[in-house]
Every structure is written in C-alpha cells, then in structure tokens.
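Peer 1: Compute the structure for the input listed below.
(one chain, ligands or ions: 1)
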Amino acid sequence: MNFRKYHALGNVYLVVSPDEFLDEPAALTIKNICHKHYGVASDGLLIGPFESSVADFGLRIFNPDASEAEKSGNGLRIFCRALWDAGLVKDKPFSIETKGGVVKAQVLEAGRRVNVEMGKVSFSSRDIPVWGEPREVLLESLNVMGLDHIYSAVTIGNPHCVILTDSPTETLAKEFGPLIETHPNFPNRTNVQFMQVIDRQHICIEIWERGAGYTLASGSSSCAAAAVAYKLGLCDANIKVIMPGGQIDIDISEDFRVSMSGGVTRVCHGEIDPECLSQVFH
Ligand SMILES: N[C@H](CCC[C@H](N)C(=O)O)C(=O)O
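Peer 2: Purely as a prediction, here's the structure:
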C-alpha cells in the first residue's frame with residue numbers, strides 16, 4: 001500500500017489513494033496504519049482523491065482510532081499539497097468535498113502554503129451537537145474531575161469545545177482533554193482546545209483531538225478557537241493562532257465564514273507492508 005507522509009505544523013497525515021483499498025477501509029487497517037509503534041505513525045489518514053459530483057475532488061478523513069472526521073484543517077491543507085505534488089492542481093483555486101461539506105482551497109508558494117475556506121461555523125447546540133435545550137453554547141460551565149471549566153462549543157463541520165484559560169499547557173490538554181472529548185455533553189464526542197487570548201490579533205491554544213489525542217497543531221481547532229474569541233468580542237476578525245507546532249492565520253467574515261492559511265511540509269513516501277496491518281488491538 002503506497003502512501004505519502006506530510007505534516008502541517010507537526011500535525012502528521014498519511015495520504016493514500018482509494019485505489020489501494022478493495023472496498024471500505026477496515027477499522028483495524030486504519031488503526032494499524034496510523035499506529036506510532038506498529039504502523040507508520042500518523043495523526044490521521046487521508047484517502048483521496050475520490051470522484052465528486054459537487055466538487056473537483058472528494059476526500060475522506062480518518063482519525064487514528066478509525067473514526068471518520070467531517071473535516072480536518074491540516075488534513076485539507078496536506079491533501080491540497082498532495083494534489084499539487086501529483087500535478088492534479090496548479091495555482092488556481094479548486095474545491096474539495098468532505099463529509100462536513102465542500103471547501104474551497106488554493107495552493108501557494110510552490111506548495112509550501114495552502115489557503116482553505118473552511119466554511120461557516122455554528123454555535124448552535126443542535127448543529128454541534130451538545131445536549132440540552134437548543135441554544136448557542138457560549139460561556140457555559142462543564143464540571144470535570146470536580147473542576148468547573150467555562151467553555152464555548154462550535155462546529156465547523158466537526159465539533160469543538162473551547163475552554164478559556166490564562167495558561168494553556170500540554171499537561172492541561174492531556175489531563176482534561178480525554179475526559180471532555182468523551183463527556184456525555186457531546187453525543188458525537190468533541191475536539192478540545194484550551195485557549196489563551198493574548199491580544200485582539202493573537203490567541204494561543206493547546207489541543208486534544210477527538211479520535212487522535214494530543215497534537216501539536218490543528219487547523220479546524222484553530223478555526224474553532226478563533227471563531228469563539230471573535231464571537232465573544234475578545235479578538236478582531238484576523239487572528240493568528242499560536243500552537244506548539246506553529247502558527248495558522250485565520251480570517252473570519254461577518255457571517256462567520258472562516259478562512260485558514262498555513263504551511264505544509266512533505267516528509268516521505270513509501271509502501272506499507274500488509275504484514276503490519278493485522279495487529280489486533282485490545
Ligand atoms: N480529530 C478531528 C479531525 C482532525 C482535526 C485536526 N487534525 C485538524 O487539523 O483540523 C475530529 O475528529 O474532528
């Protein structure tokens with residue numbers, strides 16, 4: 001099974017053609033491919049390009065736990081770069097169909113940078129989803145391990161829980177992230193961000209991803225956290241999101257359409273031996 005490995009600010013994805021799968025990819029196959037010890041080590045798997053009736057290309061996005069994500073900002077930027085490397089796109093904008101909707105993208109700087117119009121965010125409890133009465137989920141309290149976390153929830157196709165803090169740390173993300181990810185409040189689970197607002201143009205986040213765990217950067221998390229900061233009046237519409245892996249630039253329109261711009265790095269390409277795909281996980 002041929003693959004190409006890229007990272008976007010340290011958020012790693014493998015890109016594999018649909019032709020490499022006889023039918024629906026098995027969960028065990030995905031878990032093995034992404035596994036950091038038994039496989040190629042990745043924060044997710046991108047399968048594409050597929051034919052699409054509504055966009056130039058189709059893309060499926062899988063987390064290392066084999067759950068399928070509606071959207072991935074870093075995954076989309078990496079997929080755009082892979083299309084560019086394959087000569088399937090040039091410098092003009094093009095569209096990609098994901099489970100969470102159609103996005104518009106453009107490759108810049110000879111593939112080193114990609115812009116993606118990620119779509120419109122929603123703070124509606126029904127869209128995200130979040131349990132309880134239909135409402136915008138802003139500055140609510142969530143009790144985890146006896147601590148009340150003030151959070152706002154938002155979807156950009158995939159769900160996000162954004163918690164304001166004065167000092168986001170890796171420890172905070174790893175301690176509370178998994179508990180919030182699987183909290184009954186979020187029927188589809190959720191990605192989690194601990195966000196510090198530095199000034200009106202800068203935020204800093206630490207990330208725990210649904211189905212992937214702690215990551216150094218996340219594009220959809222950057223969009224989500226920036227949208228919350230803008231919605232709460234804490235930031236302007238152009239926000240630089242600072243993460244351990246690097247920075248993503250976010251622009252938010254008045255109707256909350258979010259655009260993201262960030263780097264992509266090609267790592268390697270290779271062939272996965274079927275022998276490693278049968279490891280069983282307990
Ligand atoms: N784990 C996420 C998908 C990947 C998000 C992240 N890698 C990004 O760049 O947006 C989810 O299940 O919604």
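Peer 1: Write out the residues of the stretch 101-250 of the chain neighbouring the ligand.
Peer 2: Within the stretch 101-250 of the chain, the positions adjacent to the ligand are 158, 191, 209-212, 215, 218-221 by Cβ under 6 Å from any ligand atom. Where you see a C-beta, it was placed from the backbone N, CA and C, and this is true even at glycine.
Peer 1: how far does stretch 190-207 sit from the chain's center?
Peer 2: 14 Å (Cα atoms, centre = their mean, to the nearest Å).
Peer 1: Now it: buried residues?
Peer 2: 190-197, 203-207 (16 or more other Cβ atoms under 10 Å).
Peer 1: re the thing from before, Throw the residues of the stretch 101-250 of the chain next to the ligand into CSV and include distance to residue 8, thanks.
Peer 2: Formatted as CSV, those follow (distance: Cβ to Cβ, whole Å):
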residue, distance to residue 8
158, 16
191, 15
209, 13
210, 17
211, 17
212, 13
215, 10
218, 9
219, 7
220, 11
221, 12
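Peer 1: ranges for the helices of the stretch 1-150 of the chain?
Peer 2: In the stretch 1-150 of the chain, the segments counted as helices under DSSP state H, counting those that start in this stretch are 27-34, 73-85.
Peer 1: circling back to that earlier point, looking at the buried residues of stretch 190-207, which is nearest the ligand?
Peer 2: Closest to the ligand out of those is residue 191 (5.1 Å), distances taken as Cβ to the nearest ligand atom.
Peer 1: Just the ones of the residues of the stretch 101-250 of the chain next to the ligand in helices?
Peer 2: Using DSSP state H, 219-221 are the members of those that sit in helices.
Peer 1: and residue 102, how many residues sit next to it?
Peer 2: 15 (other Cβ atoms under 10 Å).
Peer 1: Could I get the average pLDDT for stretch 16-34?
Peer 2: Here stretch 16-34 scores 95 as its mean pLDDT.
Peer 1: Same check on stretch 180-198?
Peer 2: Mean per-residue pLDDT for stretch 180-198: 98.
Peer 1: Restricting to C-alpha, output that stretch in PDB.
Peer 2: This file holds the C-alpha atoms of stretch 180-198, laid out as PDB (Å, rounded to 0.1, in the frame of the first residue of the first chain):
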ATOM      1  CA  ILE A 180     -14.100  16.300  27.900                       C
ATOM      2  CA  GLU A 181     -13.700  14.500  24.500                       C
ATOM      3  CA  THR A 182     -15.900  11.700  25.700                       C
ATOM      4  CA  HIS A 183     -18.200  13.700  28.100                       C
ATOM      5  CA  PRO A 184     -21.900  12.800  27.700                       C
ATOM      6  CA  ASN A 185     -22.500  16.500  26.900                       C
ATOM      7  CA  PHE A 186     -21.100  15.800  23.400                       C
ATOM      8  CA  PRO A 187     -23.100  13.000  21.700                       C
ATOM      9  CA  ASN A 188     -20.500  12.800  18.800                       C
ATOM     10  CA  ARG A 189     -17.600  13.400  21.200                       C
ATOM     11  CA  THR A 190     -15.600  16.600  20.600                       C
ATOM     12  CA  ASN A 191     -12.200  18.100  19.900                       C
ATOM     13  CA  VAL A 192     -11.000  20.200  22.800                       C
ATOM     14  CA  GLN A 193      -8.900  23.400  22.900                       C
ATOM     15  CA  PHE A 194      -7.600  25.300  25.900                       C
ATOM     16  CA  MET A 195      -7.300  28.900  24.700                       C
ATOM     17  CA  GLN A 196      -5.500  31.900  26.000                       C
ATOM     18  CA  VAL A 197      -6.400  35.300  24.400                       C
ATOM     19  CA  ILE A 198      -3.100  37.100  24.100                       C
END
